[in-house]
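In: Here is a sequence together with a model predicted from it:
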2 protein chains.
Amino acid sequence: MSNFGFDQLCVVNPYEKAFREAKSAVGAADLLAHAKEFPTVAEAVAGCSLVVGTTAVRHRELHHTVRRLEPAARLIKKHSLSNNVALLFGSEKYGLSNDDMSHCNWLLRIPTIDRNISMNLGQAVAVCLYELIREGRTITKEKTTLKLASAEEMERITTLLLDVLHGSGFLKRRQVSDAYARIRRVVRRLNWPERDATVWTGMLRQILWKLRKGGPPEG
Amino acid sequence: MSNFGFDQLCVVNPYEKAFREAKSAVGAADLLAHAKEFPTVAEAVAGCSLVVGTTAVRHRELHHTVRRLEPAARLIKKHSLSNNVALLFGSEKYGLSNDDMSHCNWLLRIPTIDRNISMNLGQAVAVCLYELIREGRTITKEKTTLKLASAEEMERITTLLLDVLHGSGFLKRRQVSDAYARIRRVVRRLNWPERDATVWTGMLRQILWKLRKGGPPEG
């Protein structure tokens, strides 16, 4: 991160509390000292309107669009002109869980060979960030980029939608065990413009209120 | 190396004899087992017609041409079509010595930021090899284009949403004269994946059913 000029490290529930003193990080002491810790992925990505997960997996049943690193980086660079982007990496050993991934808009994969797709975490991060700064970071300004809703706003919509789906009996009826992650993915697959986030929140609140109030519909 | 399909590791006078058992090298045991040891750089690169050194240094008195990684990789790839190429990395701590460099035809540098040019060895190797295989030795066709819902499906969602908004009192209360067009625009601004259209339709139907049925919510 330090080598390529990225300075905002967020760590979710770090296994090793000593990560701030990591010895190998020549020149990165400052970055580690300012790393932010969060108890959940949702909180870590709250301020971002695009969350991209990283995965080695290709053929597993992924519920997300998976993009190869190069086209992925182009999209990320474009998006980052006017919005915050989070790159989400899993643990060295297990990668991202399904629940972690449900917070992602889509996934990227590094073009490793099929025989060995599992990368060292530090190397995977280095390769992704290199691809982002390659050709220089000064990307020509592009206008007309739509400002998108933040992860926090998307999570608010998700939570309200879940309440509504419970209230209406939709979720109970289906008995989907991973319903929460599933709904979160469904919501993340849409591109929510920031300007509409409050409209949707308002609609869902009203529906929820009505469902809870019960009684025959008015009008 | 293993991730990107490179399999010929030569080690010069290894400091740590245990490198063959390096634990972190998931999937690379074979590569390490077959690594060749040499007492000198000269012997290690003997079979190569192009030797490229890697350096973080820019302004030191270098006696070599220094190329940025991207153009360097293009030259290396071209050369490797018919010749053996060696990429020479120095030790983590000191990099390549002047003597090491004297075996090189030219040098490459990774485009790190000026504030921190010193990279972790494993990460530097990963980034260089990624740049060499980027664009694919054999780029496999991957389609990442998301199939989007048709206008018909979007209109179905719109109509259901309007019914739900009426049922919940959202629309009546607001008295927005152009509500229909507004909701239609709001729906169209999202990119609905085709695969999710029926999910959303199902959710909205259930909510509508519950709103019309009235009565206290179940559960």
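Out: Great, that's in hand.
In: How is chain A partitioned into domains?
Out: Here chain A is described, according to automatic domain parsing, as comprising the domains A:10-133, A:151-213.
In: For A:Leu9, which non-adjacent residue is spatially closest?
Out: With C-beta to C-beta, 6 or more residues apart in numbering or on different chains as the criterion, A:Leu9 has its nearest non-adjacent residue at 4.1 Å, and that residue is A:Ala35. Using the backbone N, CA and C atoms, a C-beta is placed for each residue, glycine as well.
In: thinking the one you found is in contact with A:Val12, fair?
Out: No: with contacts counted by C-beta atoms under 8 Å, A:Ala35 stays clear of A:Val12, the gap being 11.0 Å.
In: End to end on stretch A:94-107, go ahead and measure it.
Out: 16 Å (C-alpha to C-alpha, to the nearest Å).
In: List the buried residues of it.
Out: Of the residues in stretch A:94-107, A:95-96, A:100-107 count as buried by neighbour count, 16 or more other C-beta atoms under 10 Å in any protein chain shown.
In: Which parts of chain A are strands?
Out: With DSSP state E applied, chain A shows strands at A:10-12, A:36-38, A:50-54, A:66-68, A:85-88, A:106-109, listed in chain order.
In: which one of those is the most hemmed in?
Out: Looking across these with neighbours counted as mean count of other C-beta atoms under 10 Å in any protein chain shown, the highest average goes to strand A:50-54: a mean of 24.
In: Give me the contacts around that strand.
Out: Strand A:50-54 has contacts (C-beta atoms under 8 Å, 6 or more residues apart in numbering or on different chains) with A:45, A:64, A:72, A:76, A:79-80, A:83-90, A:96, A:100-101, A:103-110, A:124, A:128, A:148, A:151, A:188.
In: count of neighbours near the residue nearest to A:Leu190 when sequence neighbours are not counted?
Out: Here the nearest residue to A:Leu190 in space, its sequence neighbours aside, is B:Leu190; by C-beta to C-beta, 6+ apart that works out to 4.2 Å. A total of 19 residues lie near B:Leu190 under the criterion other C-beta atoms under 10 Å in any protein chain shown.
In: Quick check: phi and psi on B:Leu190?
Out: Note on B:Leu190: its backbone torsions stand at phi -90, psi 150 [degrees, to the nearest 10].
In: Need the pLDDT of it.
Out: Here, the pLDDT recorded for B:Leu190 equals 83.
In: residues in contact with it?
Out: B:Leu190 is in contact with A:190-193, A:196, counting by C-beta under 8 Å, 6+ apart.
In: if we go to 7 Å?
Out: Residues counted as contacts of B:Leu190 (C-beta atoms under 7 Å, 6 or more residues apart in numbering or on different chains) are A:190-192.
In: follow-up on the earlier one: okay, the buried residues of stretch A:94-107 in CSV with distance to A:Trp209 and pLDDT next?
Out: Formatted as CSV, the entries for those read as follows, by distance: C-beta to C-beta, whole Å; pLDDT from 0 to 100:
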residue, distance to A:Trp209, pLDDT
A:Gly95, 40, 88
A:Leu96, 36, 91
A:Asp100, 32, 91
A:Met101, 32, 89
A:Ser102, 27, 88
A:His103, 27, 89
A:Cys104, 31, 90
A:Asn105, 29, 90
A:Trp106, 33, 92
A:Leu107, 36, 93
